[in-house]
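# This is a predicted model, with the sequence first.
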Amino acid sequence: MPGMVWRSFISSMSAYQIRYSSILFTSFYMVWSTLRYESTLGFPRFMRKTFPFRVNGSTS
C-alpha cells in the first residue's frame, strides 16, 4: 500500500521537482549525519564557530 502511494506521488511530480527534492534530501542528510557524528564528540565545531558565546555554561 505505501508503495502505491509513493508511486502515485512520484508520477504526479515533474522531473525537475524530483531532482530538486533529491538534492535537498541529500544535503539535509549530510548535515544531519554531520550533526549526529559531532554530537558524539561533544558540542559541534561549526556551532562553536558560528556563535561567539559558549553554550556549555558561561553564556555571556
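Ah, there it is.
# May I see the buried residues of stretch 14-21?
Within stretch 14-21, no residue qualifies as buried by neighbour count (16 or more other C-beta atoms under 10 Å). In short, each C-beta sits where N, CA and C put it, glycine included.
# contacts for stretch 12-24?
I10 (C-beta atoms under 8 Å, 6 or more residues apart in numbering).
# average pLDDT for that stretch?
Average pLDDT, stretch 12-24: 81.
# could I have that stretch exported to PDB, CA atoms only?
Below are the C-alpha coordinates for stretch 12-24, written out as PDB (Å, rounded to 0.1, in the frame of the first residue of the first chain):
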ATOM      1  CA  SER A  12       2.400  13.400 -10.100                       C
ATOM      2  CA  MET A  13       5.700  15.200  -9.700                       C
ATOM      3  CA  SER A  14       7.700  16.600 -12.500                       C
ATOM      4  CA  ALA A  15      11.300  15.500 -13.200                       C
ATOM      5  CA  TYR A  16      12.600  18.900 -12.000                       C
ATOM      6  CA  GLN A  17      10.800  18.600  -8.700                       C
ATOM      7  CA  ILE A  18      12.200  15.100  -8.200                       C
ATOM      8  CA  ARG A  19      15.700  16.300  -9.000                       C
ATOM      9  CA  TYR A  20      15.400  19.300  -6.700                       C
ATOM     10  CA  SER A  21      13.900  17.300  -3.800                       C
ATOM     11  CA  SER A  22      16.600  14.600  -4.100                       C
ATOM     12  CA  ILE A  23      19.300  17.300  -3.900                       C
ATOM     13  CA  LEU A  24      17.600  18.900  -0.900                       C
END
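# Quick one: the helices in the protein, in order.
Along the chain, the stretches classed as helices by DSSP state H are 2-12, 15-41, 45-50.
# and the shortest one, average pLDDT?
When the per-residue pLDDT values of helix 45-50 are averaged, the result is 59.
# all numbers from here: first residue = 557
Sure, I'll start counting at 557 from here, so that last one is helix 601-606.
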